[in-house]
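*Asks:* Structural data only, the sequence is not supplied:
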């Protein structure tokens, strides 16, 4: 059943007894050659607005009255020129008269077609732990101008099917993602993770099965700017990203940022994959080199079972949480005990924290600086300071390490989740010096690093002798480019 809205209120349960009563409008793909999927109008106030993909022809749009089940109502079909802000009407819907209009951007369109017989969208959207998934297909439609400019092409998950038809109910699976961004409001725009059955190169960002769409609310450019500045500064594994318009079963969800997932992989965080090694070794750690690779996240969420917990201010509360994102399968928990498969990384990270929050010396007698990739930590610090990200060192703060025989150093990154960056924070001192971790206000990692003279000296030296100042000075050009390129999509999103 499709909802209709009146004066900003949603009536999802309104189903008229008469199936011939028009309760909504839809531009059906069968009636519109330039449409690849059905689009359902957003009806509110006195307007029935069709949010159209960038590939649609607005000069001749055929739209149909639909009933409470979303089915076309006979003899309720109109064709109109809705380009350039033109409107049509009035059209009688649910007892009221509406003017029909259309909105469109020039961005690629990501469309999900969900088969709700295998799980409903409503159930997925209210699943706080992301265990409810939906299945179906995913398609990306690229306007001709962007195909010519960037060499991008349309994508359909149907072209990347697994040979085993019993593997999943569709060629794509999708679920919710995120912690605070997900549970803050279970009814509005939401972030998702979706997965193809085979690796796909999406919009020139490299091949992978798993992709993320981050919701862009109000401040549309923040995460895009953060990722692009990271790439420009040389922060390895910074996510490539592209703005897209997202539809789900014909309903417009808004402007999103399509980006790479932070995960171990050749086109992502390219360290040894211990999960693959473990599986190839018969699900045994016997004989495996457990010094790497590892992908770790300083987290503000204790939902992950495999974690390292640390007490940075020795107050008896382990409020520094480090989730082991990869490998995930070696054991149910991590500990310092020699027989625990995670004992190496558990002790390594604990020793690193002890040195950073203590005298700076690791158990081998060397400085903690000798155990890290200095440039990556300094770049990460400067990046987060420039963007004034108050979440740095609290959540979504990643670290990674390969095997000692390949590269024994600990690296900062990749960047992730800059939703709270460039906010209303106004301080007379460096932002990183103000970041503390809940619940007890312990000093966050990059706050502590900034207080160490040895690390501060590295930051000053790098800033003076690198192109960082030029990168920061030109950041406004990115913002201008985003608005020129995606401004029509931002404006369309604001009409939701």
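*Replies:* Done, it's in. Predicted model, so just to flag it, every value in this text is computed and none were measured.
*Asks:* Would you state the strands of the stretch 351-496 of the chain in chain order?
*Replies:* Remark: strands assigned in the stretch 351-496 of the chain by DSSP state E, counting those that start in this stretch are 397-401, 410-412, 436-437, 442-443.
*Asks:* Any regions of the stretch 1-150 of the chain where pLDDT drops low?
*Replies:* 1-19 (pLDDT under 70).
*Asks:* in it, which spans are strands?
*Replies:* All strands of the stretch 1-150 of the chain, identified by DSSP E, counting those that start in this stretch, fall at 4-6, 9-11, 24-27, 39-40, 42-44, 47-52, 61-66, 72-80, 88-93, 96-104, 109-114, 134-141.
*Asks:* Most tightly packed of the ones you listed?
*Replies:* A comparison of the strands of the stretch 1-150 of the chain by mean neighbour count, using mean count of other Cβ atoms under 10 Å, puts strand 39-40 on top with a mean of 25. Yep, even glycine has a C-beta here, placed from its N, CA and C like the rest.
*Asks:* What strands line up against it, and which way round?
*Replies:* Paired with strand 39-40 in the same sheet, following DSSP bridges, are strand 24-27 (antiparallel).
*Asks:* got a list of contacts for the strand it pairs with?
*Replies:* Under the contact criterion Cβ atoms under 8 Å, 6 or more residues apart in numbering, strand 24-27 has outside partners 2-4, 35, 38-41, 43, 48, 50, 52, 56, 61-67, 70, 72, 91, 93-94, 100, 250.
*Asks:* go again using 7 Å as the cut-off
*Replies:* Residues from elsewhere that reach strand 24-27 (Cβ atoms under 7 Å, 6 or more residues apart in numbering): 2, 4, 35, 38-41, 43, 48, 50, 61-66, 91, 93, 100, 250.
*Asks:* Is it correct that residue 91 is in contact with residue 100?
*Replies:* Yes: applying Cβ atoms under 7 Å as the test, residue 91 and residue 100 come out as touching, 5.6 Å apart.
*Asks:* Now list whatever residues contact both of the two.
*Replies:* Residues touching both residue 91 and residue 100 (Cβ under 7 Å, 6+ apart) are 25, 48.
*Asks:* can you map out the helices along the protein?
*Replies:* Listed in chain order, the helices of the chain (DSSP state H) span 121-125, 144-150, 180-183, 222-233, 274-280, 343-356, 374-386, 445-450, 453-465, 468-473, 475-493.
*Asks:* and those helices as JSON lines, adding mean neighbour count and distance to residue 331?
*Replies:* Formatted as JSON lines, the helices of the chain follow (neighbours: other Cβ atoms under 10 Å; distance: least, Cβ to Cβ, whole Å):
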{"stretch": "helix 121-125", "mean neighbour count": "16", "distance to residue 331": "30"}
{"stretch": "helix 144-150", "mean neighbour count": "12", "distance to residue 331": "44"}
{"stretch": "helix 180-183", "mean neighbour count": "15", "distance to residue 331": "27"}
{"stretch": "helix 222-233", "mean neighbour count": "21", "distance to residue 331": "32"}
{"stretch": "helix 274-280", "mean neighbour count": "17", "distance to residue 331": "10"}
{"stretch": "helix 343-356", "mean neighbour count": "19", "distance to residue 331": "10"}
{"stretch": "helix 374-386", "mean neighbour count": "22", "distance to residue 331": "28"}
{"stretch": "helix 445-450", "mean neighbour count": "23", "distance to residue 331": "25"}
{"stretch": "helix 453-465", "mean neighbour count": "14", "distance to residue 331": "33"}
{"stretch": "helix 468-473", "mean neighbour count": "14", "distance to residue 331": "41"}
{"stretch": "helix 475-493", "mean neighbour count": "16", "distance to residue 331": "43"}
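*Asks:* Now tabulate those in a markdown table and tack on distance to residue 287.
*Replies:* Below are the helices of the chain laid out as a markdown table (distance: least, Cβ to Cβ, whole Å):
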| stretch | distance to residue 287 |
| --- | --- |
| helix 121-125 | 41 |
| helix 144-150 | 46 |
| helix 180-183 | 40 |
| helix 222-233 | 37 |
| helix 274-280 | 10 |
| helix 343-356 | 14 |
| helix 374-386 | 31 |
| helix 445-450 | 34 |
| helix 453-465 | 38 |
| helix 468-473 | 44 |
| helix 475-493 | 48 |
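*Asks:* who's sitting farthest from the centroid in this protein?
*Replies:* In the chain, the residue that sits farthest from the middle, by Cα atoms, centre = their mean, is residue 75; the gap is 42.9 Å.
*Asks:* for that residue, what are its contacts?
*Replies:* Residue 75 neighbours (Cβ under 7 Å, 6+ apart): none.
*Asks:* Which one, of the strands of the stretch 1-150 of the chain, ends up nearest to residue 420?
*Replies:* Closest of those to residue 420 is strand 109-114, at 25.3 Å (criterion: Cβ to Cβ).
*Asks:* just checking, what packs against that closest one?
*Replies:* strand 134-141, strand 241-248 (3 or more Cβ pairs under 7 Å, 6 or more residues apart in numbering; DSSP states H and E).
*Asks:* how about CSV for those strands, with distance to residue 30 added?
*Replies:* As requested, those are exported to CSV (distance: least, Cβ to Cβ, whole Å):
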stretch, distance to residue 30
strand 134-141, 17
strand 241-248, 17
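*Asks:* for those strands, which one sits closest to residue 202?
*Replies:* strand 134-141 (6.7 Å).
*Asks:* Sheet partners, orientation included, of that closest one?
*Replies:* Strand 134-141 is paired, per DSSP bridges, with strand 109-114 (antiparallel), strand 155-156 (antiparallel), strand 172-176 (antiparallel).
*Asks:* In a markdown table: the ones you listed, plus distance to residue 217.
*Replies:* Converted to a markdown table, the strands paired with strand 134-141 look like this (distance: least, Cβ to Cβ, whole Å):
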| stretch | distance to residue 217 |
| --- | --- |
| strand 109-114 | 17 |
| strand 155-156 | 26 |
| strand 172-176 | 15 |
